[in-house]
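K.L.:
Coordinates only, no sequence provided:
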């Protein structure tokens, strides 16, 4: 009987070892065709030797293909509209079919609009909410079952998450949701050994900033505190590695974070409104 039990244990161990050998370790990055998402790809590719494949998701196939050029890792491209649950199904089915372990999920896909809420096109506003909030939540929920102890999630929030922002109302509200959701999720996943980091930069020098400003003026002060995507991503990866729940790049945005805790939002909103009016008169 003792020998039979030992034989059973050996068979189970052999089976588990075989399954581990078949496992594919992957990183999933959304919004990977440009901006901060592309910068994650560039900075992670030379390192992360424990990753078998990078899975890159974005809407544009051509941009994704250009992003994948000259990478050392194997890359799988998903030209995907993340607001479409059917297309999200295809990504989840691919993870399951490959018996993949999601070692990192980096949610960078996002949209932004500036300008007064009542002047914005309703469909553009709703599209922004679908991508910034619903798609991020859905993909996170779908991918957590494929994670293991040591897996990490990076959620791109924003310094806009710290306070309501006139002229950026819906975007700031979306990012406040991402920050709140991600910090709560970090606490829930802590016993499982899965770390969640919310990244809250201020304005970043990417095509996103230019596109967001098409429907409204960008405050001059935001232009003064713009940082590079390289700097944001470098800090985010380091903070994620050390298991920090919040990654805030640049002293001005750190100051805003502290200010949002110390000063009533009504006071900050009044100051921002005066600054906005002053900028309009200057223009």
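P.N.:
Okay, I see it. Computed from a prediction, not measured in an experiment: that's the story for all the values here.

K.L.:
I'd like to know how many residues surround residue 97.
P.N.:
Number of residues near residue 97 (other CB atoms under 10 Å) recorded here: 8. C-betas here are computed from N, CA, C, even on glycine.

K.L.:
Give me the phi and psi for it.
P.N.:
When read as degrees, to the nearest 10, the backbone of residue 97 gives phi -60, psi -30.

K.L.:
what's the spacing between it and residue 143?
P.N.:
Going from residue 97 to residue 143 by CB to CB, to the nearest Å gives 14 Å.

K.L.:
Also residue 180?
P.N.:
20 Å.

K.L.:
The two - which one has more neighbours?
P.N.:
Neighbour count, other CB under 10 Å: between residue 180 and residue 143, residue 143 has more, with 21 against 13.

K.L.:
For this protein, which residue occupies the most central location?
P.N.:
residue 107 (2.7 Å; CA atoms, centre = their mean).

K.L.:
That one against residue 157, yeah?
P.N.:
No. Taking CB atoms under 8 Å as the definition, residue 107 is not a contact partner of residue 157, at 9.6 Å.

K.L.:
Can you tell me the element residue 238 falls in?
P.N.:
Assigned by DSSP states H and E, residue 238 belongs to helix 229-241.

K.L.:
what's the answer for residue 65, then?
P.N.:
Using DSSP H and E, residue 65 falls within helix 61-68.

K.L.:
looking only at pLDDT, what's the mean for the helix or strand just after that helix?
P.N.:
Where DSSP H and E defines the elements, the next helix or strand beyond helix 61-68 is strand 74-79. On average, the pLDDT along strand 74-79 is 96.

K.L.:
Could you tell me how many residues sit around residue 46?
P.N.:
Neighbours of residue 46 (other CB under 10 Å): 10.

K.L.:
what sits against it?
P.N.:
Residues counted as contacts of residue 46 (CB atoms under 8 Å, 6 or more residues apart in numbering) are residue 72.

K.L.:
which residues are in contact with the helix holding residue 238?
P.N.:
With contact meaning CB under 8 Å, 6+ apart, helix 229-241 is reached by 35-36, 38-40, 43-44, 104, 152, 154, 195, 197, 199, 201, 204-206, 246-247, 249-250.

K.L.:
Among those, name the buried ones.
P.N.:
35-36, 38-40, 43-44, 104, 152, 154, 195, 197, 199, 201, 204-206, 247, 249-250 (16 or more other CB atoms under 10 Å).

K.L.:
give me every residue that touches the residue lying closest to residue 162 once chain neighbours are set aside.
P.N.:
Nearest residue to residue 162, sequence neighbours excluded (CB to CB, 6 or more residues apart in numbering): residue 260, at 4.1 Å. By CB under 8 Å, 6+ apart, the residues touching residue 260 are 162, 163, 268.

K.L.:
what's the spacing between the closest residue to residue 72 other than its chain neighbours and residue 29?
P.N.:
Leaving aside its chain neighbours, residue 72 sits nearest to residue 45 (5.5 Å; criterion: CB to CB, 6+ apart). Distance of residue 45 to residue 29, computed by CB to CB: 11 Å.

K.L.:
who has more neighbours, the two?
P.N.:
Relative neighbour count places residue 29 above the other of residue 45 and residue 29, with 26 against 17, counting by other CB under 10 Å.

K.L.:
Tell me which strands the helix or strand residue 27 falls within pairs with, and in which orientation.
P.N.:
Element membership for residue 27 (DSSP H and E) is strand 24-30. Paired neighbours of strand 24-30 in the sheet (DSSP bridges): strand 53-58 (parallel), strand 100-107 (parallel).

K.L.:
Show me what that strand is in contact with.
P.N.:
Outside strand 24-30, the residues that reach it (CB under 8 Å, 6+ apart) are 37, 40-41, 44, 48, 50-58, 76, 82, 91, 95, 98-109, 139, 143.

K.L.:
what about 6 Å?
P.N.:
With contact meaning CB atoms under 6 Å, 6 or more residues apart in numbering, strand 24-30 is reached by 37, 40, 51-57, 98, 100-109.
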